[in-house]
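Student: okay, predicted coordinates and the sequence, questions at the end:
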Amino acid sequence: MLGTADDPVGGASPPISVWFSTLTPGLQLYSDSPRHRYLISYGHPFTFYFGHSDANSDGDVVQGSGLWALSGRDELLLSLGASRTTNALANLQTPVAAGAAQADGRATHVNINATEQWTHAFSERWNGRQTFGYGLIIPTDTPAPEPNRYDLSAGLGADYLVGYDSWGFDLTTSFFHVDEIDGTPTDEQLIIQGIARYRRDLAQDWSSELRGGGGAANDLNGHTALVPRWGASLFWNYNLAQASLNYDHQITVNLLTQQAFLADTVTLYGSLPIFPDANILLTTGHGFAWNRLIEDNQDLSTETSNSWTSEVALGWYPDYDLPQFTLRYQHFQQFNAPANATALPNLHRNLVMFSVSGRFPPRRIEPIPAQPQRVDGQDRDPFGPSADAQRSGSGGVNLQAPDANRVPVD
């Protein structure tokens with residue numbers, strides 16, 4: 001790994017390239033049935049830096065996610081994460097979200113987050129959803145004093161489906177709080193955003209989404225920032241291959257950097273089976289973000305900080321009773337941050353990592369199905385009472401008949 005602080009504080013020598021190794025023993029609890037699927041895992045990662053033993057670290061990571069079919073019309077999706085790690089170790093454990101800003105990698109935090117989404121089919125055309133989210137960061141060992149901070153969010157949305165098209169809306173409210181510390185007053189923001197969405201299945205393999213609306217950030221002291229919101233997405237799914245291109249202009253909250261931004265983000269994701277019979281998969285993710293800080297008086301900063309992420313991974317995933325091998329490269333760069341933005345340092349990092357993973361006793365673990373991107377839902381892993389029939393090909397949707405799962409137009 002090679003990492004460099006582009007503007008090191010106090011003129012300190014920038015880091016140099018370093019070899020490291022990680023070891024993560026853990027436990028997993030998995031359950032799969034026609035009505036539910038969930039996975040809960042615990043890991044205790046150790047990281048050893050050769051020649052830099054003072055940077056060695058360990059942590060605790062708990063992750064869980066699950067989907068429950070409550071009835072023929074209702075689904076509940078839950079996720080939970082809790083960790084005690086340095087920021088640098090967290091970046092080694094999971095890929096960086098494309099375009100996301102990062103804080104000082106030496107800091108150790110307790111990070112807790114949880115999300116909930118309930119969806120209900122009112123009819124064959126109308127779907128509704130309710131969401132809830134919570135995030136909390138508690139600093140435990142940081143180069144400079146940091147406050148506790150948390151984010152609480154809730155949302156409502158609905159979609160109307162006809163044929164190849166879907167019209168919908170989402171309304172979200174979030175409350176962002178940063179504790180008082182060392183004479184710095186408490187910082188609070190109430191953020192409300194609303195969007196209208198239009199989705200269309202362009203072909204059997206292509207789908208799209210357009211969205212637009214507005215948002216407001218209020219500091220609860222009479223200062224409000226009003227900003228427009230818009231975005232677009234293009235999705236491609238073909239057998240085991242998939243790709244997506246997304247653009248968003250919206251207010252985002254970053255708990256690590258303790259700030260709210262007006263962000264323009266472009267992301268590109270893709271996965272492609274190189275040798276399907278050998279289960280060799282190429283995945284890649286790229287993102288670029290332009291971030292404008294929402295200041296204490298809710299004015300938009302005239303300065304823009306940028307972040308760029310590029311990641312490529314080649315993985316060999318044999319049958320579930322064998323180890324899995326992954327070779328991963330990541331480039332991350334954060335630049336144009338103002339000199340006084342200590343929570344948002346300018347830096348760049350290159351990471352090359354080879355990993356081997358496995359579980360004992362061996363067991364096949366299916367992924368937790370995500371919400372579909374297509375209007376017809378055919379990009380989602382079958383789940384529920386008809387899942388076995390759809391997976392075996394004895395029932396369910398015929399992928400060669402694009403209209404089989406669509407609501408007809410009057």
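Tutor: That came through fine.
Student: which helix or strand in the chain has the lowest average pLDDT?
Tutor: Within the chain, no helix or strand scores below helix 387-392, which has a mean of 38 by mean pLDDT, DSSP states H and E.
Student: OK, contacts around the closest residue to residue 368 other than its chain neighbours?
Tutor: Nearest non-adjacent residue to residue 368, counting by CB to CB, 6 or more residues apart in numbering: residue 65, 4.8 Å away. Yep, even glycine has a C-beta here, placed from its N, CA and C like the rest. Contacts for residue 65 (CB atoms under 8 Å, 6 or more residues apart in numbering) come out as 38-39, 77-80, 368.
Student: again, 7 Å this time
Tutor: Contacts here follow CB atoms under 7 Å, 6 or more residues apart in numbering; on that basis residue 65 touches 38-39, 78-79, 368.
Student: same thing with residue 49?
Tutor: The contact partners of residue 49, by CB under 7 Å, 6+ apart, come to 18, 20, 55-56.
Student: returning to that earlier point: could the contacts of residue 65 go into a markdown table alongside neighbour count?
Tutor: Below are these laid out as a markdown table (neighbours: other CB atoms under 10 Å):
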| residue | neighbour count |
| --- | --- |
| 38 | 17 |
| 39 | 17 |
| 78 | 17 |
| 79 | 17 |
| 368 | 18 |
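Student: buried members of the contacts of residue 49 into ChimeraX, please.
Tutor: Selection command for ChimeraX covering only the buried members of the contacts of residue 49, criterion 16 or more other CB atoms under 10 Å:
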select :20,55
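Student: quick one: which of the contacts of residue 49 is nearest residue 233?
Tutor: Distance to residue 233, by CB to CB, is smallest for residue 20 among those, at 36.0 Å.
Student: residue 142 versus the nearest residue to the closest one once chain neighbours are set aside, what's the distance?
Tutor: Counting by CB to CB, 6+ apart, residue 49 is the residue found nearest to residue 20 once chain neighbours are left out, at 4.7 Å. According to CB to CB, to the nearest Å, residue 49 and residue 142 sit 19 Å apart.
Student: rewinding a little: in helices, which of the contacts of residue 65 appear?
Tutor: Among the contacts of residue 65, DSSP state H puts none in helices.
Student: now for those residues: which two are most distant?
Tutor: 39 and 78 (11.2 Å).
Student: look up which residues are beta-bridged to the residue nearest to residue 368.
Tutor: Here residue 65 sits in beta bridges with residue 39, residue 79, going by DSSP bridges.
Student: if I look at it, how far off is residue 83?
Tutor: Distance from residue 65 to residue 83, counting by CB to CB: 15 Å.
Student: one more: residue 36?
Tutor: Separation of residue 36 from residue 83 (CB to CB) stands at 25 Å.
Student: so which of these two has more stuff around it?
Tutor: residue 83 (20 against 15; other CB atoms under 10 Å).
Student: for the host helix or strand of that one, which positions count as buried?
Tutor: In this assignment (DSSP states H and E), residue 83 forms part of strand 74-86. Going by neighbour count (16+ other CB under 10 Å), the buried part of strand 74-86 is 75, 77-86.
Student: next: stretch 126-135.
Tutor: Neighbour-count burial for stretch 126-135 flags 127, 129, 131, 133, 135 (criterion: 16+ other CB under 10 Å).
Student: likewise stretch 146-160?
Tutor: Buried residues in stretch 146-160, counted by 16+ other CB under 10 Å: 146-147, 149-151, 153, 155, 157-159.
Student: so which of those are in strands?
Tutor: By the criterion of DSSP state E, membership of those in strands covers 149-151, 153, 155, 157-159.
Student: could those be laid out in CSV, adding pLDDT and distance to residue 253?
Tutor: Listed next are these as CSV, based on pLDDT from 0 to 100; distance: CB to CB, whole Å:
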residue, pLDDT, distance to residue 253
149, 93, 9
150, 94, 10
151, 95, 5
153, 97, 9
155, 98, 14
157, 98, 19
158, 98, 24
159, 97, 25
